[in-house]
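Colleague: Quick one, structure for this:
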Amino acid sequence: MGRHRRASNSTMRRNSVIALTGLVPAGLITAASSAGAAEYLPFMASESTTEQSEPVVETPRPLASETDAQPVAAAEAPVALAVAAAPQPAVAPTPELPTSLMASPIAIPTVNVSAYKNAEQILTAELPGCGISWTVIAGIGRVESTHANNGKADDAGELFEPILGPRLDGSLAGNNVIADTDGGALDGDPHFDRAVGPMQFLPETWNHYHADGNGDGISDPQNLYDAALATGKYLCDGGLDLRDLGQTTKAILRYNNSMAYVANVLAWSTGYATGIVPTSDELPRIH
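Modeller: Below is the predicted model:
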């Protein structure tokens, strides 16, 4: 059984209505997958390393006449022949985004941006082969909870009110029945599981990927920093390289086994990277 089982055969219906609009990257969607609970997919790592050698500079031999006329001082020769290393191309900065969804659908509240970028920074150091971008984590945060209901959290990332998904007891049409896996410790329900926090982790999945993103010694799915870092760990797991679109798609499918879901996440991720607001007619509906 997969480690990340979703609450429904398509996507979990939230207690609050999430208005989604977005941009589908060209060539992304070929067909919508059939509805079904997402499974953890044991993908193989696919990484490559390219080594670049420094250019070899040969010191030209001076002509005899030049040597006689103007001897070259040993201390001056290396300076005259030094070759500067070619600068590496700079990573294009992401545009400054609005900070309230009341102003623009492309907005991300300040505390959410901080949490997403913090997760990228930590994972860049700990899992450099993953190459994850904060905008992908932000795309999931947008789809799962509209950035914690438009940033309703304090500066440390603690939510003002816990975010809980519906009780997975089979009472909602299309939802799986998921019996309790944590004794109600995370979701308050000792009989059935509920997805928890702004990134909507099922308790079983959280207990596997839990993280302490703000360094307070506590791993809390209801904390933006902790949840964002755990999301990044979950996406990177299995040695995936998220600089590759195909592997990024595989990673996002762990959250929800739906190509429509993948399209929404990537559309918002692209929007955050470019400042271009996705449009609703360019996104497939997540059933």
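
Colleague: Quick check: chain neighbours aside, which residue is closest to T124?
Modeller: In space, and not counting its chain neighbours, T124 is closest to I132: 7.7 Å by Cβ to Cβ, 6 or more residues apart in numbering. Where you see a C-beta, it was placed from the backbone N, CA and C, and this is true even at glycine.

Colleague: ok, the one you found touching E120?
Modeller: Yes. Using Cβ atoms under 8 Å, I132 is in contact with E120, at 6.1 Å.

Colleague: which one of the two has more residues nearby?
Modeller: I132 (24 against 21; other Cβ atoms under 10 Å).

Colleague: Just say helix, strand or coil for the more buried one.
Modeller: Recorded secondary structure, I132: coil (DSSP: H, G, I helix; E, B strand; the rest coil).

Colleague: check contacts around the residue nearest to L97 when sequence neighbours are not counted.
Modeller: In space, L97 comes closest to I108 once its chain neighbours are excluded; the distance is 5.5 Å by Cβ to Cβ, 6+ apart. Taking Cβ atoms under 8 Å, 6 or more residues apart in numbering, we find I108 in contact with 97-99, 116, 138, 142, 147, 151, 272.

Colleague: tell me the secondary structure for I108?
Modeller: Assignment for I108 (three-state DSSP): coil.

Colleague: Just want to check the distance between it and P162.
Modeller: Using Cβ to Cβ, to the nearest Å, I108 is found at 21 Å from P162.

Colleague: Distance check, T205 against D226.
Modeller: On the measure of Cβ to Cβ, T205 and D226 end up 14 Å apart.

Colleague: out of the two, which sits in the busier spot?
Modeller: Neighbour count, other Cβ under 10 Å: between T205 and D226, D226 has more, with 28 against 25.

Colleague: show me what contacts that one?
Modeller: 157, 210-214, 218-220.

Colleague: in what helix or strand does it lie?
Modeller: helix 224-236 (DSSP states H and E).

Colleague: repeat for Y116
Modeller: Using DSSP H and E, Y116 falls within helix 110-126.

Colleague: go on, N207?
Modeller: helix 203-209.

Colleague: if we can go back for a sec, do you know how far the residue nearest to T124 is from Y234?
Modeller: 11 Å.

Colleague: any idea where the helices of this structure begin and end?
Modeller: For the chain, applying DSSP state H gives helices covering 64-69, 77-81, 110-126, 134-151, 203-209, 224-236, 245-253, 259-274.

Colleague: related to what we said a few turns ago, may I have the helix holding Y116 as CSV, with CA atoms only?
Modeller: In CSV, the C-alpha atoms belonging to helix 110-126 read as follows (Å, rounded to 0.1, in the frame of the first residue of the first chain):
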residue,chain,number,x,y,z
THR,A,110,4.7,37.0,3.2
VAL,A,111,4.9,34.3,5.8
ASN,A,112,4.1,31.6,3.2
VAL,A,113,6.8,32.8,0.9
SER,A,114,9.3,32.7,3.7
ALA,A,115,8.3,29.2,4.6
TYR,A,116,8.5,27.9,1.0
LYS,A,117,11.9,29.6,0.4
ASN,A,118,13.2,28.3,3.7
ALA,A,119,12.3,24.8,2.6
GLU,A,120,14.2,25.2,-0.7
GLN,A,121,17.3,26.5,1.1
ILE,A,122,17.4,23.6,3.5
LEU,A,123,16.8,21.0,0.8
THR,A,124,19.4,22.6,-1.5
ALA,A,125,22.0,22.0,1.3
GLU,A,126,20.7,18.5,2.4
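
Colleague: Tell me what angle it forms with helix 134-151.
Modeller: 150 degrees (axes from the mean of the first three to the mean of the last three Cα atoms, to 10 degrees).

Colleague: which stretches of the stretch 101-250 of the chain aren't confidently modelled?
Modeller: When residues are selected by pLDDT under 70, those of the stretch 101-250 of the chain lie in 174.

Colleague: Can you get me a residue count around E126?
Modeller: 12.

Colleague: what's the distance between it and A228?
Modeller: Taken as Cβ to Cβ, the span from E126 to A228 is 14 Å.

Colleague: on that earlier part again, and the furthest pair within the contacts of D226?
Modeller: The largest distance within those, taken as Cβ to Cβ, falls between G157 and H210 and amounts to 14.5 Å.

Colleague: So which of these two has more stuff around it?
Modeller: Taking neighbours as other Cβ under 10 Å, G157 and H210 compare with G157 leading, 24 against 18.
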